[in-house]
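J.: here are the coordinates; sequence isn't available:
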């Protein structure tokens, strides 16, 4: 029996402790392709590493805010799924994230229970698209 395919995930988070914890959490079911610490290197890294999913911290520092980065990623690499990952449990931010092109939204304190289902939902949706 073939083991299930492991999605390639790029983590975009400037907090080294959060990045390490999330990498450990994801490594059970995903291939963590890399981690970027700011929006300045995000788009180039997405183009180079070609992840299936970007886990995007919505407080990521850099020239682009997270909503702008999300819009640009969807415009330049539409096949990449984006999961907004934020410490702010804010319905308005969630709405704005989806409007900017995010395919999922996870509140950081809920990462242990909500992150893998959100990533899997993005992968499943992408596999059904033509």
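T.: Perfect, thanks for sending it. Owing to the predicted nature of the structure, the values given are computational and were not obtained by experimental measurement.
J.: can you list contacts of the lengthiest helix in the chain?
T.: Criterion DSSP state H: the longest helix present in the chain is helix 111-128. The contact list for helix 111-128, computed with Cβ atoms under 8 Å, 6 or more residues apart in numbering, reads 7, 9, 22, 25-26, 29-30, 52-53, 55, 79, 81-83, 85, 103-107. Quick note: C-beta positions are derived from backbone N, CA and C, even for glycine.
J.: tell me which residues of that helix come out buried.
T.: For helix 111-128, a neighbour-count test (16 or more other Cβ atoms under 10 Å) marks 111, 114-116, 118-120, 122-123 as buried.
J.: check contacts around residue 71.
T.: Contacts of residue 71 (Cβ under 8 Å, 6+ apart): 100-101.
J.: can I take it that it is in a helix?
T.: Yes. Under DSSP: H, G, I helix; E, B strand; the rest coil, residue 71 falls within a helix.
J.: would you mind measuring from it to residue 101?
T.: Residue 71 is 6 Å from residue 101, where distance means Cβ to Cβ, to the nearest Å.
J.: same deal with residue 79?
T.: Where residue 101 is concerned, residue 79 sits at a distance of 12 Å (Cβ to Cβ).
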